[in-house]
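Participant: just the structure for this:
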Amino acid sequence: NVTGLPSNQAATVTYTATGISVTITEAPTVSSDSPSGELTAEGSEFVVHSESTSVQAYSEAVKLADGKFVVVWQGAAAGVTGFGDTSGAGIVGRIYNADGTPSGEDFLVNTTIAGNSNYPDVAALSDGGFVVTWTQEGGADGDGNGILGRRYGNDGTPRNIDGTTTGSTGDFVINTNTDAAQSATSVVGLSDGGFAVSYLSSSTTIGSGAPVPAVKTYTAAGVVDDDEVLASTTNATYTDTEVVALDTGGYAVIFKKSGGTFARFYDSNGDAVNGTQTQLSSYEFTGAAKLVDGNIGLTYANGGQVIAQVISPTGADVVPAFRVDNVADATETIITGNDPVPNIAALSDGSFVVTYSSGFYDVYAQKITAAGEHAGVPFVVGDTHSNPGLKLATPLEFGADIVMHSTTKYLAGHNQIIGGVIVTNHQHVFEKM
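Facilitator: Numbering: from 1, shown residues only. Below you'll find the predicted structure:
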């Protein structure tokens, strides 16, 4: 008899002809949104911004090379006046240590004050620093809205686009064609130390005048590597873009329009690998991330449902689109018609986590393996009773994922009819059954 073990350990006792052996094992980490497999938070939630007036929104975060992380967001009106931006919305950032303690105070990113600064994105660079991009109103690029950026060291010190700190370290215009408006920017660091920026452009120089996805890359020295090119090969009104780094040194530009998500893949020289855009899904993507194995994870929202998909670096299906949320779970209600806004982040063990909201009230997280399986150890209860209708689902209320129940006695007593039933709260389990 083995006693005194902590709750996360178990003992296996083996009897052989020569003696007895005892093996102590730790229970696997259970991670899912089911009651028996919740992701464990490393501390309580905390307020990122120190300015409490007005609205702070549209945040993005990225892990830096030294283990710290930086959060950037859009601070509206009075929320950024303390930093000197009195014209409206501004872009604010803050760096945190790996343990969640602040590594400094809030800082204003944009040095261009005229007009609102909206919808930021941030990417870690291989030199330990980071780069922030955003949409700037007020004609900062000379005509309409433009895409601006600013580079930083890992300590939050502003840098020039080439990484130096001498002279002006203000923001810089990214979009090459400045006619009309640009929006929906995304940025990612590349393996050679540079970075790629995607965005929508309504410039008639590269498109038809409707918003189309464009991409531009920079070297580690801040020199334009591949100038602005059109990513889409079909004219349409596109609504969002995201750029994802590839293990090949290249990158993928993902973009969407009503009724579908598309991609264009580029090698390390900036040359398109696929001659035309590849349709990835009939759903419209909400998030994208490169996974540890080099594949790309995508999330979609479809009528209140949370969908995920894994594709190869060339756009082929690795794991076809599947349902992430457990809409039948008694602890979760996805309200049809409300966009759950799912997003995705890669984890170091090869899996990924999908976050999403539920009816604008709660935020859920679900850990998914690289094979598209819901992570975590399922809690299965086997039971029997002469009247299972009275207690069939009771174990589910106490955290079980699956209940297997005999119905033989309930149906026919001690007769020749045998039967059973399997009950679950989870949509993905039900679909597999």
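Participant: my guess is Ile147 contacts Val132, does it?
Facilitator: No: Ile147 lies out of contact with Val132 (CB atoms under 8 Å); the separation is 11.3 Å. For glycine as for every other residue, the C-beta is placed from the backbone atoms N, C-alpha and C.
Participant: ok, these two, which is more surrounded?
Facilitator: Set Ile147 next to Val132 and count neighbours by other CB atoms under 10 Å: Ile147 wins out with 30 against 24.
Participant: in which helix or strand does the more buried one reside?
Facilitator: Element membership for Ile147 (DSSP states H and E) is strand 146-152.
Participant: cool, and Val319?
Facilitator: Going by DSSP H and E, Val319 is in strand 317-323.
Participant: how about the one helix or strand Lys367 maps to: buried residues?
Facilitator: Taking DSSP H and E as the criterion, Lys367 maps to strand 362-368. Buried residues in strand 362-368, counted by 16 or more other CB atoms under 10 Å: 364, 366-368.
Participant: between strand 317-323 and it, find me the angle.
Facilitator: 150 degrees (axes from the mean of the first three to the mean of the last three CA atoms, to 10 degrees).
Participant: so how far is strand 362-368 off the chain centroid?
Facilitator: Taking CA atoms, centre = their mean, to the nearest Å, one finds the center of strand 362-368 at 11 Å from the center of the full chain.
Participant: buried sites along the following helix or strand past that strand?
Facilitator: Next helix or strand after strand 362-368 toward the C-terminus (DSSP H and E): strand 380-384. Buried residues in strand 380-384, counted by 16+ other CB under 10 Å: Val381.
Participant: quick one: contacts of the following helix or strand past strand 380-384?
Facilitator: Sequence-wise, the next helix or strand downstream of strand 380-384 (DSSP H and E) is helix 394-397. Contacts to helix 394-397, defined as CB atoms under 8 Å, 6 or more residues apart in numbering, come from residues 330, 381, 383, 403, 423-425.
Participant: this structure: helices as residue ranges?
Facilitator: 78-81, 394-397, 408-412, 427-432 (DSSP state H).
Participant: any idea which helix or strand of this protein has the worst average confidence?
Facilitator: The helix or strand of the chain with the poorest confidence is helix 78-81; it has a mean of 60 (mean pLDDT, DSSP states H and E).
Participant: residue ranges in the stretch 1-150 of the chain under the pLDDT threshold?
Facilitator: Applying pLDDT under 70 to the stretch 1-150 of the chain picks out residues 1-11, 22, 24-39, 77-82, 84-86.
Participant: ranges for the strands of it?
Facilitator: 9-16, 19-26, 56-63, 69-75, 90-96, 107-108, 117-124, 130-136, 146-152 (DSSP state E, counting those that start in this stretch).
Participant: hey, least reliable of the helices of the chain by pLDDT?
Facilitator: Lowest mean pLDDT of the helices of the chain: helix 78-81, a mean of 60.
Participant: in the contacts of helix 394-397, find the pair that's most separated.
Facilitator: Ala330 and Asp383 (18.3 Å; CB to CB).
Participant: hang on, Ser406 packs against Gly419?
Facilitator: Yes: counting by CB under 8 Å, Ser406 touches Gly419, with 7.5 Å between them.
Participant: on the pLDDT front, check the nearest residue to Ile368 once chain neighbours are set aside for me.
Facilitator: Residue nearest to Ile368 in three dimensions, not counting chain neighbours: Phe352, with 5.6 Å by CB to CB, 6 or more residues apart in numbering. Note for Phe352: predicted pLDDT of 93.
Participant: ok, Phe352 touching Pro342?
Facilitator: No: look at Phe352 against Pro342 with CB under 8 Å: they stay out of range, at 11.4 Å.
Participant: burial of Pro378, as a residue count?
Facilitator: So Pro378, with other CB under 10 Å, has 16 neighbours.
Participant: list the contacts for Asn235?
Facilitator: 207-208, 210, 212.
Participant: most neighbours among the residues you listed, please name it.
Facilitator: Val212 (25 neighbours).
Participant: hang on, that residue packs against Ser201?
Facilitator: Yes: counting by CB under 8 Å, Val212 does reach Ser201; the two are 6.1 Å apart.
Participant: apart from its neighbours in sequence, what residue is nearest Ala321?
Facilitator: According to CB to CB, 6+ apart, the nearest residue to Ala321 is Gln309 (4.4 Å).
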